[in-house]
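J.: What follows is a protein structure lacking sequence information:
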């Protein structure tokens, strides 16, 4: 199970004065089971890119292979692709339409032509995975809170049992608590199911803690593609394109600059806490030796 | 997906037509449409075609774009042609079973085809070269005299500009929701009529909810800016006629005059050739 992009370009409104090149020769390999962060500022082509991965947009040039099959081939079943590559759009709560939460989550699996029993089973599992309690199952989705609505919408995609889950800015418009809840839920889900997850965001702080690979996009192209620690080391380059390393990375650098001998390859608050505590114990140990 | 609908869309570029005052364009479009219905005769339509061709050239909008708008009326056009061909009484030219194509039918059908397609192209030149805001400003200004008889001109114009403004927003929203539902395996294309209509529910419910939400937000935003109707409102960009606008009016008058004397002009051209 892998997705390969080979020199994919996408031009909106090609051939008019309004034409915009959203993707420019993007080549990527997305192997099985990775947790990927796709980062880029607004208009860098992230959303366009992810819509290619499940065949919603067709590449102007270049090809995309899902498990070795060309997704633009005529006999390729796009519906199956969409069930295998689940895409959760920005503000997914705006796509809810059913009278109650449970039937809304049933929509996806129902479209796959499963038996009613299987549909309900999948919906139940998906709602549990997304962290929705039983008591909400038969409420109207419009009566839920913003964070809950979003989780229901994510469950709607999870119910299709995708092998790859792509979330386009899943934290947009949520308060810090809602944001942490969603991200924790996604990370838990990733651990439980082992599927490939791609988190699209413009905030490094969002993804630093969870992902094991970061793809940085700029002007429709891939600028950096590496492990998080190696990416954040190049924070000057990130700043050039309107992005930044996580805030703790800057704090550790500032500490280092003021003569505190701490490590610099730190990207999450937990790591920073550990490092600072260990710095103090090292200091104390050194004093005792003297 | 929905980007293909060009009717009522603006095409951004810089041309003489784009720079004209919207009132001129409105008057010109109305004059052109009226002329299409008054004209009857090949010579007059030749003049209209020439005028239209010049306008298309001047507008710098690719012709492809205007033809795209025609797609919407192909069906209507086909019905019109068929009915006129077969149901016009007169001298039969060709007959199948009890239906016969008459000379008058051919004449009428071809005129109607020209008329309808010119009408669509003519009005799309206006919408392609004028932003919706300019258009409503122009309309408000042209309808001002009606205020005397208590027609709520400003309110009508405001409603129109809001409606026009919302077309692209709602289209984008439709596109988004459609994609989101397609990502959940929804199928909007296949199946019979009833199945297709049913498949629209997951699209329409979120769309209507979002339209209401947007309308609510807009009303709030307008109120927050103390909007209270048209009285004593001034404009940031008041419409004012420039030299080229008067020239354009002259061109319209010339066109109508040429239309009125079409027969003689065509004869003259033929003689000269």
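T.: Perfect, I can see it now. The shown structure was predicted, so the numbers you read here are calculated from the model rather than taken from an experiment. Numbering: from 1, shown residues only, chains lettered A, B, ... in the order given.

J.: list the contacts for the residue nearest to residue A:193 when sequence neighbours are not counted?
T.: Here the nearest residue to residue A:193 in space, its sequence neighbours aside, is residue A:129; by C-beta to C-beta, 6 or more residues apart in numbering or on different chains that works out to 7.4 Å. Where you see a C-beta, it was placed from the backbone N, CA and C, and this is true even at glycine. Taking C-beta atoms under 8 Å, 6 or more residues apart in numbering or on different chains as the definition of contact, the neighbours of residue A:129 are A:155, A:158, A:189, A:192, A:193.

J.: which of those are buried?
T.: Using 16 or more other C-beta atoms under 10 Å in any protein chain shown as the burial test, the contacts of residue A:129 include A:155, A:158, A:189, A:193 as buried.

J.: neighbours around residue A:66, how many?
T.: The burial count assigned to residue A:66 is 22, neighbours taken as other C-beta atoms under 10 Å in any protein chain shown.

J.: quick one: contacts for it?
T.: With contacts defined as C-beta under 8 Å, 6+ apart, residue A:66 is in contact with A:2, A:3, A:81, A:84, A:85.

J.: Would you mind listing which of those are buried?
T.: Buried by 16+ other C-beta under 10 Å: A:2, A:3, A:81, A:84, A:85, out of the contacts of residue A:66.

J.: one step back: tell me which of the contacts of residue A:66 fall in helices.
T.: Taking DSSP state H, the ones among the contacts of residue A:66 that sit in helices are A:81, A:84.

J.: Identify the farthest-apart pair in the contacts of residue A:66.
T.: Set against one another by C-beta to C-beta, these have their most distant pair in A:2 and A:81, with a gap of 13.3 Å.

J.: Write out the residues of chain B neighbouring chain A.
T.: Within reach of chain A by C-beta under 8 Å from any C-beta of the partner chain, chain B has these residues: B:3, B:11-13, B:62, B:65, B:176-177, B:179-187, B:201-202, B:205-206, B:209-210.

J.: got the contact list for residue A:155?
T.: Under the criterion of C-beta under 8 Å, 6+ apart, the neighbours of residue A:155 are A:105, A:123, A:126, A:127, A:129, A:130, A:132.

J.: Do you know the pLDDT at it?
T.: In the prediction, the pLDDT value recorded for residue A:155 is 93.

J.: In which helix or strand does it reside?
T.: Secondary structure here is read from DSSP states H and E; on that basis residue A:155 sits in helix A:146-158.

J.: buried stuff in that helix?
T.: The neighbour-count criterion (16+ other C-beta under 10 Å) identifies A:147, A:148, A:149, A:150, A:151, A:152, A:153, A:154, A:155, A:156, A:157, A:158 as the buried residues of helix A:146-158.

J.: And the third one, how far from chain B?
T.: The reference is to residue A:149. Separation of residue A:149 from chain B (C-beta to the nearest C-beta, to the nearest Å) stands at 12 Å.

J.: Low-confidence ranges, the stretch 51-200 of chain B, go.
T.: Across the stretch 51-200 of chain B, the ranges flagged by pLDDT under 70 are B:69.

J.: so which residue of it comes closest to chain A?
T.: Taking C-beta to the nearest C-beta as the measure, the point where the stretch 51-200 of chain B comes nearest chain A is residue B:185, at 3.2 Å.

J.: what's around the residue nearest to that residue when sequence neighbours are not counted, how many residues?
T.: Ranked by C-beta to C-beta, 6+ apart and with sequence neighbours excluded, the top spatial neighbour of residue B:185 is residue A:111, at 3.2 Å. Other residues lying near residue A:111 total 21 when counted by other C-beta under 10 Å.

J.: Residue A:111 reaches residue B:182, doesn't it?
T.: No: applying C-beta atoms under 8 Å, one finds residue A:111 not in contact with residue B:182, separated by 9.4 Å.

J.: Contact partners for whichever residue of the stretch 1-150 of chain B sits closest to chain A?
T.: Shortest the stretch 1-150 of chain B-to-chain A distance, computed as C-beta to the nearest C-beta: residue-wise this is residue B:13, at 5.3 Å. For residue B:13, the set of contacting residues under the criterion of C-beta under 8 Å, 6+ apart consists of A:17, B:60, B:61.

J.: can you rerun that using 6 Å?
T.: A:17, B:60 (C-beta atoms under 6 Å, 6 or more residues apart in numbering or on different chains).

J.: Regarding it, what is its secondary structure?
T.: Look at residue B:13: counting by DSSP: H, G, I helix; E, B strand; the rest coil, its state is coil.

J.: who touches the strand or helix carrying residue A:231?
T.: Of the helices and strands defined by DSSP H and E, residue A:231 is found in helix A:228-233. For helix A:228-233, the surrounding residues in contact (C-beta under 6 Å, 6+ apart) are A:208, A:214, A:224, A:245, A:249, A:265, A:267.

J.: For the buried ones among those, write the corresponding ChimeraX selection.
T.: Selecting only the buried members of those in ChimeraX, with burial defined as 16+ other C-beta under 10 Å, works like this:
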select /A:208,214,224,245,249,267
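
J.: Which two among the contacts of helix A:228-233 are spaced furthest apart?
T.: Of all pairs drawn from the contacts of helix A:228-233, the greatest distance, 15.7 Å, lies between A:224 and A:265 (C-beta to C-beta).

J.: SS state for residue 36?
T.: Going with chain A. Per three-state DSSP, the secondary structure class of residue A:36 is strand.

J.: Switch to chain B, please.
T.: Judged by three-state DSSP, the three-state class of residue B:36 is helix.

J.: these two touch, right, it and residue B:117?
T.: No: counting by C-beta atoms under 6 Å, residue B:36 does not reach residue B:117; the two are 10.0 Å apart.

J.: Of those two, which one has the most company?
T.: Taking neighbours as other C-beta under 10 Å, residue B:36 and residue B:117 compare with residue B:36 leading, 21 against 17.

J.: Contact partners for the more buried one?
T.: Contact criterion C-beta under 6 Å, 6+ apart gives B:115, B:118, B:119 as the residues in contact with residue B:36.

J.: gap between it and residue B:52?
T.: Residue B:36 sits 10 Å away from residue B:52, taking C-beta to C-beta, to the nearest Å as the criterion.

J.: How about residue A:59?
T.: Remark: distance between residue A:59 and residue B:52 (C-beta to C-beta) = 38 Å.

J.: Then residue A:205?
T.: With the distance defined as C-beta to C-beta, residue A:205 ends up 58 Å from residue B:52.

J.: So which residues on chain A come close to chain B?
T.: Contact residues of chain A with respect to chain B, defined by C-beta under 6 Å from any C-beta of the partner chain, are listed as A:17, A:56, A:79, A:82-83, A:87, A:89, A:94-95, A:97, A:107-108, A:111-112, A:156.

J.: Out of those residues, which is nearest to residue B:134?
T.: Nearest to residue B:134 among those, with distances taken as C-beta to C-beta, is residue A:17, at 18.1 Å.

J.: How many residues are close by that closest one?
T.: Look at residue A:17: counted by other C-beta under 10 Å, it has 12 neighbours.

J.: show me the contacts for it.
T.: Residues near residue A:17 by C-beta under 6 Å, 6+ apart: B:12, B:13.

J.: just residue B:183 next, same as before
T.: The neighbours of residue B:183, taking C-beta under 6 Å, 6+ apart as the test, are A:82, A:87.

J.: Just the pLDDT for the nearest residue to residue B:241 once chain neighbours are set aside.
T.: For residue B:241, ignoring the flanking residues on the chain, the nearest one in space by C-beta to C-beta, 6+ apart is residue B:21 at 5.8 Å. Confidence at residue B:21, expressed as pLDDT, is 93.

J.: ok, now how distant is the nearest residue to residue A:141 once chain neighbours are set aside from residue A:139?
T.: For residue A:141, ignoring the flanking residues on the chain, the nearest one in space by C-beta to C-beta, 6+ apart is residue A:96 at 4.2 Å. With distances taken as C-beta to C-beta, residue A:96 is found 12 Å from residue A:139.

J.: Good, wrapping up.
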